[in-house]
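Asks: fold the following, please.
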Amino acid sequence: MIGVESVLPLIQAHGVALLAPMAVLEGPIVTVIAAWLARLAYIDIVTVCVVVIVADLIGDTLFYLLGRRGVALLPARWRARLKVDEQRLAQLTDHFRTHGGRMLLLGKLTHSVGFLVLIAAGAARMNPAAFLGYNLLAGVPKSLFFVAIGYTLGHASEQIDSWIFRASFMIVGVGVLVGVTWYLLRRRNTT
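Replies: Residues are numbered from 1 along each chain as shown. Next comes the predicted model:
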């Protein structure tokens, strides 16, 4: 966990030049801490908002590029084990062509499994402009939500980090449960 006491001297010394990469790597908790530091007048709040939104887009784009370029880099044996073949990629591409925006918005809201949606969007070769547009549409309110949390409750950043972790863990658990249930029902219906 990154604490205010460890971030404060770094931001005082390096300003937003350090905030951007930290926000790409750590996301919500860095946003919370940066907003709290803005409330304490160490950084400008508008600058915090702009930097964390841009950092969020950069992080999302890196996952998109991983999906877009990463499938080709996987050895054939791994692609076979993961069941990533031309037919599945074509289905994924069709799915993102018709439901890509909805998938990205849902992925951004779940926070914990959103990276899988971002990678899948890249693997499906979703239009980059549409990808960035939907991510911006979902990312701005999400980033501003964490800025508001940090500005008002940033003094409790350790507790907030714990809440974010618990919520993310619960979302992953529900996602795994839904996925396993879907798989078992699908398998039962095909036999």
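
Asks: how is residue 42 assigned, secondary-structure-wise?
Replies: Under DSSP: H, G, I helix; E, B strand; the rest coil, residue 42 falls in the coil class.

Asks: any idea how far it is from residue 48?
Replies: 10 Å (C-beta to C-beta, to the nearest Å). Placement of C-beta: from N, CA and C, glycine included.

Asks: same thing with residue 19?
Replies: 7 Å.

Asks: which of residue 42 and residue 48 has more residues huddled nearby?
Replies: Each of residue 42 and residue 48 has its neighbours counted (other C-beta atoms under 10 Å); residue 48 has more, 27 against 15.

Asks: residue 35 contacts residue 149, correct?
Replies: Yes: counting by C-beta atoms under 8 Å, residue 149 is a contact partner of residue 35 at 7.4 Å.

Asks: who has more neighbours, these two?
Replies: residue 35 (27 against 20).

Asks: give me the number of residues near the residue nearest to the more buried one when sequence neighbours are not counted?
Replies: Closest residue in space to residue 35, ignoring its immediate chain neighbours: residue 150 at 2.9 Å, by C-beta to C-beta, 6 or more residues apart in numbering. Using other C-beta under 10 Å, residue 150 has 29 neighbouring residues.

Asks: element containing residue 150, please.
Replies: Using DSSP states H and E, residue 150 maps to helix 128-153.

Asks: by contact count, what packs against that helix?
Replies: Applying 3 or more C-beta pairs under 8 Å, 6 or more residues apart in numbering; DSSP states H and E, one finds that helix 128-153 makes contact with helix 28-39, helix 45-73, helix 86-110, helix 157-190.

Asks: of all those, which one comes closest to residue 145?
Replies: Of all those, helix 28-39 sits nearest to residue 145, with 8.9 Å by C-beta to C-beta.

Asks: and the helices and strands packed on helix 128-153, which is most packed in?
Replies: helix 28-39 (a mean of 25; mean count of other C-beta atoms under 10 Å).

Asks: could you give the mean pLDDT of it?
Replies: Average pLDDT, helix 28-39: 84.

Asks: just give me how far that helix sits from the chain centre.
Replies: 17 Å (C-alpha atoms, centre = their mean, to the nearest Å).

Asks: tell me the mean pLDDT over the helix holding residue 150?
Replies: Helix 128-153 comes out with an average pLDDT of 91.

Asks: would you mark the buried spots in that helix?
Replies: 131-132, 134-135, 138-139, 142-143, 146-147, 149-151 (16 or more other C-beta atoms under 10 Å).

Asks: low-confidence stretches in this structure?
Replies: Counting by pLDDT under 70, the chain contains low-confidence residues at 1-5, 7-8, 11-12, 82, 111-112, 154-172, 175-176, 179, 183, 191.

Asks: what's in contact with stretch 54-64?
Replies: 19-21, 23-25, 27, 115, 118-119, 121-122, 126, 128, 131-132, 135-136, 139, 142-143 (C-beta atoms under 8 Å, 6 or more residues apart in numbering).

Asks: hmm, try it at 6 Å
Replies: 20, 23-24, 115, 118-119, 121-122, 131, 135, 139, 143 (C-beta atoms under 6 Å, 6 or more residues apart in numbering).

Asks: good, we can wrap up now.
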